[in-house]
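> sequence and computational prediction follow.
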Amino acid sequence: MPPSFGIFVLAELPGEAGIIVRDIQQRYDPKLARLTPPHITLVGSSGVGSIPTDTPVEQIRAALAPIAASTAPLSLPFGPPHRFMQTEIVSLPLDQNGPLRMLHERIARCGLPFRPARFMFSPHCTLSFYPTLTPESERELLALRVEAPCVVERLQVYLTRDPQPSKKLFELELKAGE
């Protein structure tokens, strides 16, 4: 499991995809739906680990602001849901190459400190994290398709210290090409 503390960089899902994912989460994992908005994690769970909590917020903002300002919003297709190996976690994968990988790599090379990651970069949106799946709920989740694109138009930076709720520190709009 990813660390339960640190500073994470997310891209919350706006629009139709966000509404669809929130509905799925509310049906299959109400706890997840209550704790976090539908999102993909760019820093903290794969590729690079979380940013240490003692990193000054202004240092994080200064490192990420030029990346956001020079990155155009992304619209990406979700793949079919899959289970994360040897877990009950079901997520919607995104292509780990292309524009999302480029954004992730730019953040990973921006000079901020990161904890080690346990997994290679595998962008996804989690549908079910906490419950133990029944054969029926697993079958239903894996049969779902989200046709609406994953739109990445902002970066959100969150402080996470379980069991306390996550706290949004700031967000940056992706602006290139506007």
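Sure, I can see it. Residues are numbered from 1 along each chain as shown.

> ok, what's across the strand from residue 158?
Beta bridges link residue 158 to residue 8, residue 168, judged by DSSP bridges.

> the helix or strand of the chain with the lowest mean pLDDT: which residues count as buried?
When each helix and strand of the chain is scored by mean pLDDT, DSSP states H and E, helix 30-35 comes last, with a mean of 90. By 16 or more other Cβ atoms under 10 Å, the buried positions in helix 30-35 come out as 32-33. From N, CA and C alone the C-beta is placed, and that goes for glycine too.

> and what of stretch 110-121?
Using 16+ other Cβ under 10 Å as the test for burial, stretch 110-121 gives 110, 112, 114-115, 117, 121.

> equivalent analysis for stretch 80-96, please.
Buried residues in stretch 80-96, defined by neighbour count with 16+ other Cβ under 10 Å: 81, 89-94.

> tabulate the residues you listed (CSV), appending distance to residue 18.
Listed next are these as CSV, based on distance: Cβ to Cβ, whole Å:
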residue, distance to residue 18
81, 16
89, 19
90, 17
91, 15
92, 12
93, 17
94, 14
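
> what stretches of this structure score poorly on pLDDT?
Residues of the chain meeting the criterion pLDDT under 70: 1-4, 163, 177-178.

> 50 - rerun?
For the chain, applying pLDDT under 50 flags the ranges 1-3.

> and the strands in this protein, which stretches?
For the chain, the strands defined by DSSP state E cover 5-12, 39-43, 74-76, 82-83, 90-93, 124-128, 150-152, 154-161, 167-173.

> follow-up on the earlier one: which one of the buried residues of stretch 80-96 sits closest to residue 31?
residue 89 (13.0 Å; Cβ to Cβ).

> what's the neighbour count on the closest residue to that closest one other than its chain neighbours?
The shortest distance from residue 89 to any non-neighbouring residue, by Cβ to Cβ, 6 or more residues apart in numbering, is to residue 129 (5.5 Å). Counted with other Cβ atoms under 10 Å, residues neighbouring residue 129 total 19.
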